[in-house]
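Engineer: below: sequence and its predicted model.
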Amino acid sequence: MSDYYHDDPVEEETSGRFPSKFITSALVIFAAVFYFQGTIAGNITLNSGAAIEFGQAVKVTTTCSGASVLTVTPKSSFVNVANGKGTHYVSSVSVSGIPSSCEGKDFSLSFYDSATGSSALPIFSFFGDNKRVATVFNSAGYFQQGFQSSGTDVNSDTGAFTVTFKTPVAFSTNAMKVTLQSTEHRDWAEASIVSLAMYTCTVLNSSGVKCWGNNDQGQLGDGTTTDSSNPISPSGLSSNVIDIATGNNHTCALLNTGTMKCWGLNGAGRLGDGTTTQRNTPVDVQGLSGVSAISTGGTHTCALLRTGALKCWGGNVKGQVGNGTDNQQLTPIDVTGLSSGVIAITAGQFFTCALLNTGAVNCWGDNASGQLGNGGTTTSFTPVNVSGLSASVIAIAAGYDHTCALLTTGGVQCWGSNTYGALGNGGTGDQSTPQTVSGISNAVALSGGRGHSCALLSTGAVKCWGYNVNGQLGDGTTTSSNTPVSVSNLSSGVIAIGTGYYHSCAVLSSGAAKCWGYNSQGQLGNGTTTNSSTPVSVTGIP
């Protein structure tokens, strides 16, 4: 890559780009290079005072500890015709040549309006809140958009990434400082908590796994079929796990090697090992590599590859595998029409949905309640487009037989089964097209259960809605609600959420976990089998 890059002084497109998918990265070179691309004319000086064109590549060395600092000073003759003397913009920052020693380190970008500035400038708006740091996650050698950085696009390549601001960062003083800070890696994969049925699993900060609750099919992975009301470790997974997914009595883990292991009930081949034999400890999924995300449904499993392709396997009686048939699949098979362009997946009981890099959503499988979102109730063995979404989508979450989408606006739309108000639109009738969830405008994550849904807000609070007979909404009652209610004692500090059949859970910024709702088999993880309509602490987490 050249040490010099010239950016012509023309207006750049600054809106409408969609957050990128996970990209493989082999980190092998030994310097960090910054590009500044802007909308200005004129020259600037960098550190030593030598004049350079705005947009020139500038090398700094990072050791993945502390901060690498660049100070950029405009020349006295600098004039931006559009914005006046001394005003300049940065619309993107590229970092390349990242050394292998940085693998597993996150990167945070901050901007200051003077060479000695100590207060970082707001660099993007996150649902109305000014954010001062753009974080890029570096998990197992590939880059991923950072938590609460949806004001940026993160475009990744081998040993490099580019952060593009949808609205350029403006500076109106005589100098600016840019810092690249490397920190120990922590992302959603290490702050995940999941449950589809009557048990729960989470990935620890150590990249190990803990599971608790129902274990009659070996889904806790400890080699037994004994329920546990306290967290226990699946065999052989004390490290290297970056994501976890739970189905109807089967569990799968994504490893930092890009491979998968699954365990538990194996009816219809949902474990992907080529058999239908129950496994009480983790086994390898056959024929998979380069996996970036996973999801488990009632009887099937899906894996998103770093290429943007999608593969599924297991139970297929409703076409939920998406290969155009209703035949069970014992090993991974391609989903029809989705060989590229997929950036997220979610699986319900007998259906599946994929988020595309266009911001659109495709779904397939069972559609009896309208959960495919295409305006009908006819089952489809291949992907169909969800119709009527009011904005581009940045995340999706499937419940038992309903689906929800997080929009770029921070709003939420849901569709499908609505008997108890799981769609959050104030009604209780099933809907085959997206419906707006009442009163949610700043969501950052979603999760769907069996008749209820939850949203994590940008404030760190949690709201839930729908079925509540077991206290799974967490508001201290057992009264169902067709609009969102606040979860008691979780008004801030939450970084991840998950929902099971009739319970819900959250991970806090401290690493602690809380759960609430149905607890007949210990799925709340607090050492009891007593239901709770408010959050209780999971024993031994962290």
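Structural biologist: Arrived safely. Please read all numbers here as calculations on a predicted model, not as lab measurements.
Engineer: pull the CA atoms of stretch 521-538 into CSV?
Structural biologist: C-alpha atoms of stretch 521-538 as CSV (Å, rounded to 0.1, in the frame of the first residue of the first chain):
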residue,chain,number,x,y,z
GLN,A,521,-35.9,-26.3,35.9
GLY,A,522,-33.4,-23.7,37.3
GLN,A,523,-33.2,-21.6,34.1
LEU,A,524,-32.8,-18.4,36.1
GLY,A,525,-29.5,-19.8,37.5
ASN,A,526,-29.9,-18.6,41.1
GLY,A,527,-29.7,-22.0,42.7
THR,A,528,-33.5,-22.3,43.1
THR,A,529,-36.5,-23.4,41.1
THR,A,530,-38.7,-20.5,42.2
ASN,A,531,-40.2,-18.1,39.6
SER,A,532,-39.3,-14.4,39.9
SER,A,533,-41.1,-11.5,38.3
THR,A,534,-38.1,-9.3,38.9
PRO,A,535,-34.4,-9.9,38.0
VAL,A,536,-32.3,-12.2,40.2
SER,A,537,-28.6,-12.6,40.1
VAL,A,538,-27.1,-15.7,38.3
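Engineer: list the buried ones in that stretch?
Structural biologist: 521-527, 531-536, 538 (16 or more other CB atoms under 10 Å). Any C-beta I mention is one placed from the backbone N, CA and C, and that applies to glycine too.
Engineer: could you do stretch 331-349 as well?
Structural biologist: 331-333, 335-336, 338, 341-349.
Engineer: now stretch 235-245
Structural biologist: So, applying 16+ other CB under 10 Å, buried residues of stretch 235-245: L237, N240, V241, I242, D243, I244, A245.
Engineer: secondary structure element for the closest residue to T528 other than its chain neighbours?
Structural biologist: The spatially closest residue to T528, leaving aside those adjacent along the chain, is S229, at 6.1 Å (CB to CB, 6 or more residues apart in numbering). Using DSSP states H and E, S229 sits in strand 228-232.
Engineer: so which other helices or strands are in contact with that strand?
Structural biologist: strand 209-213 (3 or more CB pairs under 8 Å, 6 or more residues apart in numbering; DSSP states H and E).
Engineer: what's the angle between the strand it packs on and strand 228-232?
Structural biologist: Per axes from the mean of the first three to the mean of the last three CA atoms, to 10 degrees, the angle that strand 209-213 makes with strand 228-232 is 180 degrees.
Engineer: now do strand 209-213, average pLDDT.
Structural biologist: Strand 209-213 carries an average pLDDT of 96.
Engineer: try stretch 496-511
Structural biologist: pLDDT averaged over stretch 496-511 gives 91.
Engineer: any idea how far apart the tips of it sit?
Structural biologist: With CA to CA, to the nearest Å as the measure, stretch 496-511 spans 10 Å from end to end.
Engineer: ok, and for that stretch, which residues are buried?
Structural biologist: Buried, per 16+ other CB under 10 Å, within stretch 496-511: 496-508.
Engineer: secondary structure and distance to G460 for those - can I get that in a markdown table?
Structural biologist: Rendered in a markdown table, the data for these read as follows (DSSP: H, G, I helix; E, B strand; the rest coil; distance: CB to CB, whole Å):
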| residue | secondary structure | distance to G460 |
| --- | --- | --- |
| A496 | strand | 11 |
| I497 | strand | 11 |
| G498 | strand | 16 |
| T499 | strand | 18 |
| G500 | coil | 22 |
| Y501 | coil | 26 |
| Y502 | coil | 25 |
| H503 | strand | 21 |
| S504 | strand | 16 |
| C505 | strand | 15 |
| A506 | strand | 10 |
| V507 | strand | 11 |
| L508 | strand | 9 |
